[in-house]
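Enquirer: predicted model and sequence follow; I will ask about them next.
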Amino acid sequence: MPEWIQIVWKSLAAIVLMFLLTRFLLGNRQISELNYFQYIVGITIGSLAGFSSIDFLNWGTGLIALTVWVVVAFFIEKLLLKSKKIRDWMEGKGTTLIKDGKILEDNMKRVKYNTDDLLSQLRKKNAFNVADVEFAVLETSGDLSVLLKKEYQPITPKHFGLNLPNEQESQTVIMDGNVLNEPLANIGLNREWLHTELEKLGVTIENVFLAQVDNYGELYVDLYNDQLQVPEPQQKAILLSTLKKCAADIELFCLSTENQDAKKMYETNLMKLNKMISRLTPLLK
């Protein structure tokens, strides 16, 4: 067999073997968050696979070496899951770099972190001023976790006493011009509804690159032709306007009636409706 053919099939076999070993034994952390040991394992396995592919090592010997490294890594991962002491020793602990708004220079020197590194990581967390930071920890993965001072934290609906419903995942109903029936069925809709909504927007399915339905039943459409403008969904705005019109009508009825019982009923229901409109306005705008 020609040498180049041997290199090709050994390389393909090494790729498949490495994928299976890392995917089913080492897991996703080998890709996303490498600790020191995982980093060494990844480099060594890649080197062994590369050497084996071009026959610098005997294929059988290379396979044994690969298996040994992966098996050892597998059992080390099991130990890391079960023992916090081993995990702390191998992965280390997070290091506090800013506490109570003050930079801890000694901790920065200990982890070999300079001022440029700190400022760069803070900017990635949208903290452009060190004075705005209450607490910052350098995690073992190398990421910087940042807690801003209360006065600089984003305002959330909870600050206004609003209880908002949980958001549901948007369903993709058209992809690459093809209608996806299963997502439509998951949200209780069908093709007829989809065609009706697309007609309102003045587009056809063939021109749609991507379409999604959000938690409120509104259809978002992205077209192949980016020059065409698609009207924004108006269901929320229409609903809010309808509720406000109902409130205005009830107030008019309340002012025009002379029956005290009816007036009291209108006032009670108007109060309930206005309270509902106040709670729904942040959701419908």
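Expert: Structure received.
Enquirer: got the confidence number for the closest residue to residue 219 other than its chain neighbours?
Expert: Counting by CB to CB, 6 or more residues apart in numbering, residue 197 is the residue found nearest to residue 219 once chain neighbours are left out, at 4.7 Å. C-beta coordinates here come from the backbone N, C-alpha and C atoms, glycine included. On the pLDDT scale, residue 197 is placed at 86.
Enquirer: which residues are in contact with residue 222?
Expert: 208, 209, 210, 211, 230 (CB atoms under 8 Å, 6 or more residues apart in numbering).
Enquirer: dump these to a markdown table, plus pLDDT and distance to residue 264.
Expert: Formatted as a markdown table, those follow (pLDDT from 0 to 100; distance: CB to CB, whole Å):
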| residue | pLDDT | distance to residue 264 |
| --- | --- | --- |
| 208 | 88 | 53 |
| 209 | 90 | 56 |
| 210 | 91 | 53 |
| 211 | 91 | 49 |
| 230 | 69 | 48 |
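Enquirer: drop anything exposed from those.
Expert: The neighbour-count criterion (16 or more other CB atoms under 10 Å) marks 208, 211 among these as buried.
Enquirer: just to revisit the earlier point, measure how buried the residue nearest to residue 219 is and give me the count.
Expert: 20 (other CB atoms under 10 Å).
Enquirer: and residue 258, by the same measure?
Expert: As a burial measure, residue 258 scores 6 neighbours (other CB under 10 Å).
Enquirer: which of the three states applies to it?
Expert: Three-state assignment for residue 258 (DSSP: H, G, I helix; E, B strand; the rest coil): coil.
Enquirer: which ones among the contacts of residue 222 lie within strands?
Expert: 208, 209, 210, 211 (DSSP state E).
Enquirer: most widely separated two among those?
Expert: 209 and 211 (8.3 Å; CB to CB).
Enquirer: what strand or helix carries the nearest residue to residue 211 once chain neighbours are set aside?
Expert: Closest residue in space to residue 211, ignoring its immediate chain neighbours: residue 174 at 3.7 Å, by CB to CB, 6+ apart. For residue 174, the enclosing helix or strand under DSSP states H and E is strand 171-175.
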